[in-house]
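In: Sequence and predicted structure, then a few things I'm wondering about:
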Amino acid sequence: MRILIVEDERRLAEALKRGLGREGYAVDTLFTGEDAELELEPDHEEYDLVILDVMLPGIDGVQVCRDLRAKRISIPILMLTVRDSTRDKVLGMDSGADDYLVKPFAFEELLARIRMLLRRPPVLLPAQLAVGDLVLDPTQRRVTRSHKEIALTAKEFALLELLMRNAGQVLSREQTQGSWSWSACSPTRSRGGR
């Protein structure tokens, strides 16, 4: 298994490289977000996993992750960071990371998380959905119509994604309840007054 470590703290990067090497992994190290993108965009299939620091100089780890996912690169990404707030964790995961580990951490925990990520079957990122000139990009959470962006709430986005994934099909109320709160809809606003 080949792992790419992107960590600007060189002593930590080298320590991780030595430790993972002793565990039988082939490890390469990079120190900037720019270098990570230059390496991974053409050659991501050479790696089984990326360990990505959040606080990198230049392009930070969150942006690197977003950029890779926007280019449909689905390699597992484990983020490392000193930021431990719930907001930071959510930001990391929403950017497309598969896991998030706060520094300092026990090396045994890192190994366990690596094993967990490598056991997962490859994930095929969803393609953009298009119905006519309406385009929904699940990875960027963007909707455009005639190339103009449409601002949607989280509920509206989820409902639209569900409907576009099932275009041409009739969906029951139960199928859509996870995406939309029907109790919020006024009966007088629905068709036929139902």
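Out: Yep, that arrived. Residues are numbered from 1 along each chain as shown.

In: Disregarding residues adjacent in the polypeptide, which is nearest to residue 65?
Out: By the measure of CB to CB, 6 or more residues apart in numbering, the closest residue to residue 65 outside its immediate chain neighbours is residue 95, 4.3 Å from it. C-beta: built from backbone N, CA, C; applies to glycine.

In: For this structure, which segments count as strands?
Out: Assigned by DSSP state E, the strands in the chain fall at 2-6, 26-30, 49-53, 77-81, 99-102, 129-131, 134-137, 142-145, 148-150.

In: Which parts of the first one count as buried, going by neighbours?
Out: I take that to be strand 2-6. For strand 2-6, the neighbour count (16 or more other CB atoms under 10 Å) marks 3, 4, 5, 6 as buried.

In: Identify the residues contacting the second one.
Out: Going back to what we said before, that points to residue 4. Applying CB atoms under 8 Å, 6 or more residues apart in numbering to residue 4 gives the contacts 27, 28, 29, 30, 36, 39, 40, 47, 49, 50, 51.

In: Give me the buried entries from the residues you listed.
Out: Neighbour-count burial (16+ other CB under 10 Å) applied to those gives 27, 29, 30, 36, 39, 40, 47, 49, 50, 51.

In: any idea how far stretch 149-163 is from the chain center?
Out: In terms of CA atoms, centre = their mean, to the nearest Å, the centre of stretch 149-163 is set 18 Å apart from its chain centre.

In: Alpha carbons of it, in CSV - could you do that?
Out: Provided in CSV are the C-alpha atoms of stretch 149-163 (Å, rounded to 0.1, in the frame of the first residue of the first chain):
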residue,chain,number,x,y,z
GLU,A,149,-26.0,29.8,-9.9
ILE,A,150,-29.1,29.3,-7.8
ALA,A,151,-28.9,29.7,-4.1
LEU,A,152,-30.7,26.9,-2.2
THR,A,153,-31.2,26.0,1.4
ALA,A,154,-29.8,22.7,2.6
LYS,A,155,-33.4,21.2,2.5
GLU,A,156,-34.1,22.6,-0.9
PHE,A,157,-30.8,21.2,-2.2
ALA,A,158,-31.4,17.8,-0.8
LEU,A,159,-34.9,17.6,-2.2
LEU,A,160,-33.8,18.8,-5.6
GLU,A,161,-31.0,16.2,-5.7
LEU,A,162,-33.4,13.4,-4.8
LEU,A,163,-35.8,14.5,-7.5
